[in-house]
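Student: show me how the following folds:
(one chain, ligands or ions: 1)
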Amino acid sequence: MAVHQEREHWKSRFGFLMAAVGSAVGLGNMWRFPYLTAEHGGAAFVILYILMSVFIAIPVLLAEMAIGRGASRGPIQALGFYGGRWWKCLGAVFVAAGFLIASYYSVIAGWTLRYSLEALFIGFPNDPVAHFGEISSGWDALAWHLTFMASTMWIVGNGVTGGIERTSVIVMPLLFLVVCGLAVYAATLPGGDAGYAYYLSAEDYTDIFSLDVLADAAGQAFFSLSLGMGAMLTYASYLDRTTNLPVQATIIAFSDFSVALVAGLVVFPIIFALGLSQDVSESTLGALFITLPKAFLDLGVVGRAVGFLFFATLVVGALTSLISLIEVVVASTVDLTGWKRRSATLSTGIAAAVFGIPAAINISILDAMDQVATHVLLIGGGLALAVFTGWVMPEPEREIAAGAGSYWWFPLWRRILRYAVPLTLALLMFKAVPRTVSNVLALFP
Ligand code: PHE
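Tutor: Down below sits the predicted model:
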């Protein structure tokens, strides 16, 4: 029998906002977004990503927030509360997705931590390709993965307000400042124009009509906004009913998008100014970790400082995102078992760290986990959430109206959740699932 303890609430709305933005802003914005944009030829992908975010992801964000705040529980209990026993299974899939993503996300986060400390104390390597090869998998990667996971556990273990909120309100505003500062620096580099042109005005828009690219854009929109696995649902469950959800959702989405956009304004001019654009068009998972250090090395002392700030920002973004991933599992464990937060955090963190070991040892496994997570679990999760809120949850508009009043677009929102989101995502999954399966198989010849 579940034991319900007194539930924590965010101390302030700003605290919630920084935690939610902290969950959204992370490796997705500063690593995944630039590398996917490069892989798909620049601006065309940016446009698809914006369309997917506005019409598909933001309605789902609002849905997650309505379910979470309405039920005041983690995903399993919340879906059970509105939908009955069977919907709890979906909640369980969410928790499993959070666990899976946390386990490999921490490995990449470990690379960023190592890069930032190296920039600070040693400088960037002369041979970035060899360096990345050495540190991205094997014992080194494992050690940094465990370090990162342990730091996250420490913060989550300190509670929603004492750990998560307190950390986010300090580090997130700093992150914004530093990213903007880096974009200004990038703008001063001679020769960066080609980078802006590539990023902001593609010559070739044929990619827009490819379902594969659209699926990547949708996957990225969900990943970047932390949607489809209950992270925003869980954070909203600590909100009170006077909060205006549509306003919060808009600020979260806007901030997340701004950081991704500005991260592109940092990465592309730097890379093009240093004549490294060839490396980018052959972009893969590790591209940023190879190309950018090359650029930072060429830029001398200033490059080292800028490089340190860049990777330190990645560390901060990754930390606040990993916190939310672990929190989904911890909140559900506490809801279901009545364990103390610290014990739940300890067991979750250790289990996720162990589960991440294969990703730390073999980068192909990491790649496979990322593809399965984004293309199958998050898109599938978004689809199921839209169906749940559109068809099953009784009067989700009522929950949104609490703290916000009624809006003219409520019926439109419901219709988007009922029809537009499920149909679009089902179509994309139809394409993306077989592709993911073959990609994953190809990684292990
Ligand atoms: N949104 C995070 C990022 O952009 C990743 C994330 C995905 C976090 C899903 C929580 C849930 O890096």
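
Student: for residue 232, see how far away the residue in the stretch 101-250 of the chain positioned nearest to the ligand is.
Tutor: Of all residues in the stretch 101-250 of the chain, residue 226 sits closest to the ligand, at 3.6 Å by CB to the nearest ligand atom. C-beta: built from backbone N, CA, C; applies to glycine. Counting by CB to CB, to the nearest Å, the gap from residue 226 to residue 232 is 6 Å.

Student: out of the two, which sits in the busier spot?
Tutor: residue 226 (32 against 28; other CB atoms under 10 Å).

Student: is it true that the more buried one touches residue 24?
Tutor: Yes. If you go by CB atoms under 8 Å, residue 226 and residue 24 touch, sitting 5.2 Å apart.

Student: can you list residues touching both of residue 226 and residue 232?
Tutor: Listed as contacting both residue 226 and residue 232 by CB atoms under 8 Å, 6 or more residues apart in numbering are residue 23.

Student: report pLDDT for the residue nearest the centre of the chain.
Tutor: In the chain, the centroid-proximal residue (CA atoms, centre = their mean) is residue 224; its distance is 3.9 Å. Looking at residue 224, its pLDDT reads 97.

Student: how close does the closest residue in space to it that isn't next to it in sequence sit to the ligand?
Tutor: Using CB to CB, 6 or more residues apart in numbering and skipping the chain neighbours, the partner closest in space to residue 224 is residue 28 (4.0 Å). According to CB to the nearest ligand atom, to the nearest Å, residue 28 stands 2 Å off from the ligand.

Student: so which strand or helix has residue 198?
Tutor: For residue 198, the host element (DSSP states H and E) is helix 193-200.

Student: with adjacent residues omitted, what lies nearest to residue 342?
Tutor: Using CB to CB, 6+ apart, the closest residue to residue 342 is residue 157 (4.9 Å).

Student: list the contacts for that neighbour?
Tutor: 163, 341, 342, 345, 346.

Student: could you point out where the stretch 101-250 of the chain is predicted with low confidence?
Tutor: The model of the stretch 101-250 of the chain has pLDDT under 70 over residues 202-204.

Student: right, and residue 32 touches residue 222 too?
Tutor: No. Contact between residue 32 and residue 222 fails when scored by CB under 8 Å: they sit 11.4 Å apart.

Student: ok, the two, which is more surrounded?
Tutor: Taking other CB under 10 Å, residue 32 and residue 222 do not tie; residue 222 has more neighbours (29 against 23).

Student: which non-adjacent residue is nearest that one?
Tutor: In space, residue 222 is closest to residue 378, 4.2 Å off (CB to CB, 6+ apart).

Student: and residue 1, what's its pLDDT?
Tutor: Note on residue 1: pLDDT of 37.

Student: repeat that for the one 3 residues further on.
Tutor: Per-residue confidence at residue 4 stands at 46 (pLDDT).

Student: how about the one 4 residues further on?
Tutor: In this model, residue 8 is scored at 89, pLDDT.

Student: OK, contacts around it?
Tutor: Contact analysis of residue 8 by CB under 8 Å, 6+ apart lists 159, 160, 161, 238.

Student: tell me which element the last one falls in.
Tutor: It stands for residue 238. Counting by DSSP H and E, no helix or strand carries residue 238.

Student: circling back: phi and psi next, for the residue lying closest to the residue of the stretch 101-250 of the chain closest to the ligand once chain neighbours are set aside.
Tutor: Closest residue to residue 226 in three dimensions, ignoring its sequence neighbours and counting by CB to CB, 6+ apart: residue 23, at 4.5 Å. Backbone torsions of residue 23, given as degrees, to the nearest 10, read phi -70, psi -40.

Student: residue 23: how many residues sit nearby?
Tutor: Neighbour tally, residue 23, other CB under 10 Å: 27.
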